[in-house]
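Asks: my questions are about this predicted structure, shown below with the sequence.
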Amino acid sequence: MLAFLDGASHPLCRRGRAYLFAGVGIARVFVCPEFAAKQIGDPLTAESMVIHEVLHTLGLGENPPSSQEITRRVNARCQ
């Protein structure tokens, strides 16, 4: 089971630095308020963002690969 939680009070959301975020190996994804507009305006990118964060919950770290590389690979496989 994977929980999607309100991340509005987290500094990453309040500073406008994220749409979603997750910790490596932790079964929860925090959703920032700005994600709703992204999902409506660019649903394919929003979908990739969710998959990106789910990969983190499954244990994929970042740097390496970079955040951009993770998303690039998700997009390449899902198109």
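Replies: Right, received. Where do you want to start? Predicted model, so just to flag it, every value in this text is computed and none were measured.
Asks: show me where pLDDT drops low in the chain?
Replies: Within the chain, no stretch has pLDDT under 70.
Asks: please identify the buried residues of the biggest helix by length in it?
Replies: For the chain, the helix with the greatest residue count under DSSP state H is helix 43-57. For helix 43-57, burial by neighbour count (16 or more other Cβ atoms under 10 Å) applies to 46, 48-50, 52-57. Any C-beta I mention is one placed from the backbone N, CA and C, and that applies to glycine too.
Asks: what of stretch 31-45?
Replies: 31-32, 35, 39.
Asks: any chance of the backbone angles for the spatially closest residue to residue 45 that is not a sequence neighbour?
Replies: Among residues not flanking residue 45 along the chain, residue 38 sits closest, at 6.7 Å (Cβ to Cβ, 6 or more residues apart in numbering). Backbone geometry at residue 38, expressed as degrees, to the nearest 10, gives phi -60, psi -40.
Asks: I figured residue 38 was touching residue 49, is that so?
Replies: Yes. Counting by Cβ atoms under 8 Å, residue 49 is a contact partner of residue 38 at 7.3 Å.
Asks: now do the shared contacts for these two.
Replies: Common contact partners of residue 38 and residue 49 (Cβ atoms under 8 Å, 6 or more residues apart in numbering): residue 19.
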